[in-house]
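>>> Provided below are the primary sequence and the corresponding predicted coordinates.
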Number of protein chains: 2
Amino acid sequence: MHQPRVLCIPNFSEGRRIGTINALARAVRRVRGVVLLDQHTDPDHHRTVLTFAGPPAPVAEAAFEAAKVASRQIDLREHQGGHPRIGATDVIPLVPLGGLSMRHCVTLARALGRRIGSGLRIPVFLYEEAASRPERRRLESLRRGGLDGLSRRMAKDSIWRPDFGPNRLHPSAGATVVGARPPLIAFNVNLASGDLGAACEIAERIRASGGGLPGVKALGVELASRGLVQVSTNVTDFHGSPLHRVFLAVKEEAAKKGILIESSELVGLIPVEAMAQVAEHQLQLEQFSLDRILEVRLERLLSARSGTQGEAAE
Amino acid sequence: MHQPRVLCIPNFSEGRRIGTINALARAVRRVRGVVLLDQHTDPDHHRTVLTFAGPPAPVAEAAFEAAKVASRQIDLREHQGGHPRIGATDVIPLVPLGGLSMRHCVTLARALGRRIGSGLRIPVFLYEEAASRPERRRLESLRRGGLDGLSRRMAKDSIWRPDFGPNRLHPSAGATVVGARPPLIAFNVNLASGDLGAACEIAERIRASGGGLPGVKALGVELASRGLVQVSTNVTDFHGSPLHRVFLAVKEEAAKKGILIESSELVGLIPVEAMAQVAEHQLQLEQFSLDRILEVRLERLLSARSGTQGEAAE
């Protein structure tokens, strides 16, 4: 568990042709040392998200191989989907795990971007922690105006020159955004209410952009099949805004409207540290550290041992 | 993390002679595949507890090798310590981890007991889940009357014939208890009070033996250096009594006496499941399972893979 690893969550603009989707997953699985953790395809969004992890070099290799498949099999000129996108391989976030530094992940993102730029002749923009300019830190700014908007900015303004690859879009594969960021937790709180307006107001109150919790994005969403509404959040900084604080903020804002909490849910995966944080708070634990968790200590010791062997063998 | 593993926590009646303590730890470390997680020596108790883990066979091998060292280097006839004990290797609990079944652990305990009995000529009693008789399930019943009490019962009553080895104590190494049990969590709740009587009363209320929480043992303890008292618990069944329930029970009983909680603490290690349980409860999480934890899923997939490779190689 505490071997330095990278989590990679590339998004591809293909959510319908199963042959291409399988080819993308195969390209990842084929790389030794990489584990495919999850594969999520949305035909409406016309988009597939792969989640995989492993040591830095194999993860970058797998991301490159999948981007190569995407550049050959996906043609954005034929692409119609609900989700904003600028590339066949639209975005490749790299997340440090198990004690790997963010700096290491940024270096890896740069190397991967360079390889995609020169190897596949696709313009690559670095974002988030890997961004080379503050204007390009956020994905939204790169996607503004879609593929056409980006193409115009690239032609007109040197600020929008890509970090790697040619200064024009790839005819079929567009552009690709590569970067490094902390893990993101998708955490939704369900309200015992059908009042969508209330959910939207609560979301506005608790999210960072409304002056609420740092690193928290939130929306009100209707769960029609259950007759409930939900405050759907993305927690981009669980150290700054632990889940128990997000939960409590929603609970308190809901209480002001006389609404109770029904339940909450995680979408996708959560780092063990984010779970431990909640328990630590709840139990008022003193001097807790992650390696008090039996399995964490075991994996740390096992990987320290195999790490040593690895070094000796080099 | 989710490779089937065994956790072993043998207790040895030696807490003073560093040469012997080191020899015990060395015997464990020498076995390939075994990781020594913790080593705790108490000179007053004259006792050393090693904690190690690994696949079943190497763990049993390490336990046997350490018991052999103990039988050669520890003489109970010279032993004076605060802790009740009946053997040089006093007790060897085996705990299933990572999806290993309790049944498998019981089988392992029997094989290890047989080997100690015949190989080292020490009488071995199986306890807890591995017990061959209900009277011998609890460690306390085996220790009743100390070494002399056990020796008398062995001579008089066929109920107290050992499971393995000779039907008399080993002259210097006494007897050894071997068994399988679920993980135990040592969890203490500190009260913002110096009233030891209150801590003892709360402990009595919440523990299983007082009609409180199932699988919970509890004592009132004074923390003289901090001017606090503590409800010190052993949670032997965290599925039945999750830590948040133990914490809340202490908090509620303390509140009845007008006492607040200062903090809590873990002694030793805690299974990731016991931490996740608290967070799941606190966040009212729906449909949570352990493999929603990124690191848990990663390790499960990695060990499933190495498991497959292992089988192919056999």
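That came through fine.

>>> Can you name the residues that contact whatever residue of the stretch 51-200 of chain A ends up closest to chain B?
Nearest residue of the stretch 51-200 of chain A to chain B: residue A:53, at 5.5 Å (CB to the nearest CB). C-betas here are computed from N, CA, C, even on glycine. If you count contacts by CB atoms under 8 Å, 6 or more residues apart in numbering or on different chains, residue A:53 has them with A:5-8, A:34-35, A:37, A:59, A:97, B:294, B:298.

>>> which ones among those residues are found in strands?
Mapping those onto strands (DSSP state E) picks out A:5-8, A:35, A:37, A:97.

>>> And those, which is closest to chain B?
Looking across those and measuring by CB to the nearest CB, the closest to chain B is residue A:35, at 4.7 Å.

>>> residues contacting that closest one?
By CB under 8 Å, 6+ apart, the neighbours of residue A:35 are A:52-54, B:298, B:301-302, B:305.

>>> And the helices in chain A, which stretches?
For chain A, the helices defined by DSSP state H occupy A:18-29, A:56-73, A:102-120, A:139-143, A:146-156, A:196-206, A:243-256, A:272-282, A:294-313.

>>> Generate a markdown table for the contacts of residue A:35, with pLDDT and distance to residue B:241 as supplementary columns.
Formatted as a markdown table, the contacts of residue A:35 follow (pLDDT from 0 to 100; distance: CB to CB, whole Å):
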| residue | pLDDT | distance to residue B:241 |
| --- | --- | --- |
| A:52 | 96 | 38 |
| A:53 | 95 | 34 |
| A:54 | 93 | 38 |
| B:298 | 87 | 30 |
| B:301 | 85 | 31 |
| B:302 | 78 | 32 |
| B:305 | 67 | 36 |
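
>>> Of the residues you listed, just the buried ones, ChimeraX syntax please.
A single ChimeraX command selects the buried members of the contacts of residue A:35 (16 or more other CB atoms under 10 Å in any protein chain shown):
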select /A:52,53,54 /B:298,301,302
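
>>> Contact residues of the stretch 1-150 of chain A facing chain B?
Residues of the stretch 1-150 of chain A lying near chain B by CB under 8 Å from any CB of the partner chain: A:1, A:5, A:7, A:35-37, A:53, A:97-98.

>>> Buried ones only from the residues you listed, please, as a PyMOL command.
Selection of buried members from those for PyMOL, criterion 16+ other CB under 10 Å:
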select buried, chain A and resi 1+5+7+35+36+37+53+97+98
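
>>> related to what we said a few turns ago, ok, for the residue of the stretch 51-200 of chain A closest to chain B, nearest residue in space, not its chain neighbours?
Nearest in space to residue A:53, with sequence neighbours left out and distances taken as CB to CB, 6 or more residues apart in numbering or on different chains, is residue A:7 at 4.8 Å.

>>> so the one you found touches residue A:92, yeah?
No: using CB atoms under 8 Å as the test, residue A:7 is too far from residue A:92 to be in contact (11.4 Å).

>>> Overlap in contacts, these two.
Shared contacts of residue A:7 and residue A:92, defined by CB under 8 Å, 6+ apart, are absent.

>>> Closest one of the residues of the stretch 1-150 of chain A next to chain B to residue B:17?
For the residues of the stretch 1-150 of chain A next to chain B, the minimum distance to residue B:17 (CB to CB) is 36.2 Å, reached by residue A:1.
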